[in-house]
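Participant: need a structure here:
(one chain, ligands or ions: 1)
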Amino acid sequence: MTLLTKAQNHVRPAALRMPAFVTRRMDEHHVNRIEQLMGGEHVHVWKRQGPGAVMLAGNDYLCLANEPALLQAQVRALQGKAGQNLMSAVYLQAGSRQHRLEEKFADFMGAQQTVLAQSGWAANVGLMHSIAEPGVPVYLDIMAHASLWDGVQLGGARAVPFLHNNMEHLQRQLNKHGAGVIVVDALYSTDGSLAPLHEVLALAEKTGSVLVVDESHSLGTHGPRGAGLVIAAGLEDRVHFRTASLAKAFAGRAGIITCSSRFKGYFLSESRPAIFSSCLLNHELAWFDAAIDFVEQADVRRAGLRRITEEVRSGLERLGYCVDEGSEQIIALEVGTEPKTLVLRKALENRGIQGAVFCAPATPKNRALVRLTLNSGMTKREIAKLLDACADMRDEVDLENWTSTVRRRRVH
Ligand SMILES: Cc1ncc(COP(=O)(O)O)c(C=O)c1O
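Facilitator: Sure thing, here's the model as predicted:
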């Protein structure tokens with residue numbers, strides 16, 4: 001008789017018992033949040049959309065994902081004979097494919113050097129903990145991306161938040177805590193607002209602070225040849241570090257940091273994601289090599305995205321949606337509580353529109369929202385469908401009482 005183990009029989013084992021310190025937290029999610037607060041529904045699980053639906057949840061702003069030139073570059077790399085380096089980037093030798101691509105990105109971004117990371121998250125965490133140590137105040141716009149805060153925590157530095165885009169508050173915090181690191185996103189990922197880069201830089205220079213600008217949502221879409229907002233403002237020689245996720249307009253999986261050559265040498269022996277996680281793969285590098293060439297030439301798509309952004313934003317404003325805290329291709333429909341966000345999600349999905357729900361920990365608890373990300377390929381029909389849906393659902397979603405609507409009423 002042969003004795004087969006459960007695994008050989010493909011029988012899934014029962015869940016192991018876990019101690020209370022884990023089960024309590026799982027219950028907070030499954031019982032308190034999903035069952036009790038949301039009536040058994042998961043806020044992120046959208047109804048499957050049929051053909052003709054308008055998908056506004058991703059960040060492929062310039063519609064690169066299916067570009068034949070990029071796909072072919074990737075396929076060639078996969079089929080090629082070059083061996084794959086399955087090791088940490090620390091061990092890459094001079095002239096390696098990654099190093100050559102980092103030089104190309106440096107030219108594209110007008111930087112002395114760049115370092116590629118496995119993701120935008122790895123770039124930000126690695127950078128922040130490499131420049132911020134215990135005792136160093138790190139001034140973060142409250143809407144700066146979570147990965148930047150995580151890096152501060154890993155470095156044991158002191159996170160000092162300042163109100164979104166509020167330079168007076170930043171100045172007051174700097175007066176109180178002294179020179180440190182100032183961190184902003186060039187274009188904020190939840191509401192599409194822009195950082196006042198000139199003013200932030202003036203405060204950084206006045207106080208002798210380091211400036212970090214996350215360009216995840218502006219690299220590729222903004223600036224000459226898509227080189228970003230720091231370049232558009234002519235500040236590339238004065239901003240210490242720019243970072244970006246390349247999983248947005250570059251439509252791949254990686255992150256990047258601009259820096260000096262000297263800093264790069266230090267970073268590769270300090271950044272924990274760079275040291276303790278393996279490097280990018282050949283086909284990923286090949287994608288970005290081709291993507292830089294494509295993005296540089298994509299002025300028509302950038303102009304299309306701008307036009308679509310203006311049309312959708314002004315259409316939503318006319319319908320009474322308060323979206324003027326942002327100005328770019330990311331639009332926040334800020335409802336407030338999570339249960340209200342669920343009502344909005346259903347109203348959208350029933351009308352063939354899919355966005356992304358943002359709630360805690362991505363937003364403050366009572367500022368949950370549905371984020372719509374526009375792309376350069378949106379057709380007239382899709383724009384009309386989105387605006388018709390938004391016109392039709394206003395009472396159903398109780399637009400009058402959204403936090404964003406109430407805030408606007410209070411201001412005016
Ligand atoms: C502003 C910003 N920075 C960094 C990241 C992290 O990028 P990635 O998804 O490549 O890890 C994101 C992604 O959500 C982002 O929006």
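
Participant: what count of nearby residues applies to the closest residue to Val136 other than its chain neighbours?
Facilitator: Leaving aside its chain neighbours, Val136 sits nearest to Ala157 (4.6 Å; criterion: Cβ to Cβ, 6 or more residues apart in numbering). Quick note: C-beta positions are derived from backbone N, CA and C, even for glycine. Ala157 has 21 neighbouring residues, counting by other Cβ atoms under 10 Å.

Participant: could you measure from Ala157 over to the ligand?
Facilitator: 18 Å (Cβ to the nearest ligand atom, to the nearest Å).

Participant: need the pLDDT of that residue.
Facilitator: For Ala157, the pLDDT comes out at 98.

Participant: so who does it touch?
Facilitator: Met128, His129, Ala132, Glu133, Pro134, Gly135, Val136, Pro137, Val138, Val181 (Cβ atoms under 8 Å, 6 or more residues apart in numbering).

Participant: CA atoms of stretch 134-154 as PDB?
Facilitator: Extracted C-alpha coordinates of stretch 134-154, given in PDB (Å, rounded to 0.1, in the frame of the first residue of the first chain):
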ATOM      1  CA  PRO A 134      17.600  58.900  14.900                       C
ATOM      2  CA  GLY A 135      17.500  62.600  15.900                       C
ATOM      3  CA  VAL A 136      17.000  63.900  12.400                       C
ATOM      4  CA  PRO A 137      13.600  65.700  11.900                       C
ATOM      5  CA  VAL A 138      11.900  64.600   8.600                       C
ATOM      6  CA  TYR A 139       9.200  67.000   7.500                       C
ATOM      7  CA  LEU A 140       6.600  65.200   5.500                       C
ATOM      8  CA  ASP A 141       3.500  66.600   3.800                       C
ATOM      9  CA  ILE A 142       0.700  64.700   5.400                       C
ATOM     10  CA  MET A 143      -0.300  63.400   2.000                       C
ATOM     11  CA  ALA A 144       3.200  62.200   1.100                       C
ATOM     12  CA  HIS A 145       3.200  58.500   0.100                       C
ATOM     13  CA  ALA A 146       3.300  55.800   2.800                       C
ATOM     14  CA  SER A 147       6.600  54.400   1.600                       C
ATOM     15  CA  LEU A 148       8.300  57.600   2.500                       C
ATOM     16  CA  TRP A 149       7.000  57.400   6.100                       C
ATOM     17  CA  ASP A 150       7.900  53.800   6.300                       C
ATOM     18  CA  GLY A 151      11.500  54.700   5.400                       C
ATOM     19  CA  VAL A 152      11.600  57.300   8.100                       C
ATOM     20  CA  GLN A 153      10.400  54.700  10.600                       C
ATOM     21  CA  LEU A 154      13.000  52.200   9.500                       C
END
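
Participant: and that stretch, how far from the chain's centre?
Facilitator: How far stretch 134-154 lies from its chain's middle: 15 Å, per Cα atoms, centre = their mean, to the nearest Å.

Participant: wondering if that stretch reaches the ligand at all.
Facilitator: Yes - Stretch 134-154 reaches the ligand (Cβ under 6 Å from any ligand atom) through His145, Ser147.

Participant: got the buried residues for that stretch?
Facilitator: Using 16 or more other Cβ atoms under 10 Å as the test for burial, stretch 134-154 gives 136-141, 143-145, 147-149, 151-152, 154.

Participant: which of the residues you listed fall in strands?
Facilitator: Secondary structure assignment by DSSP state E places Pro137, Val138, Tyr139, Leu140, Asp141 of the buried residues of stretch 134-154 in strands.

Participant: tell me the pLDDT at the residue nearest to Gly40 when sequence neighbours are not counted?
Facilitator: The shortest distance from Gly40 to any non-neighbouring residue, by Cβ to Cβ, 6+ apart, is to Ile34 (6.4 Å). The per-residue pLDDT reported for Ile34 equals 91.

Participant: and Ile34, what is it in contact with?
Facilitator: Contacts of Ile34 (Cβ under 8 Å, 6+ apart): Gly40, Glu41, His42.
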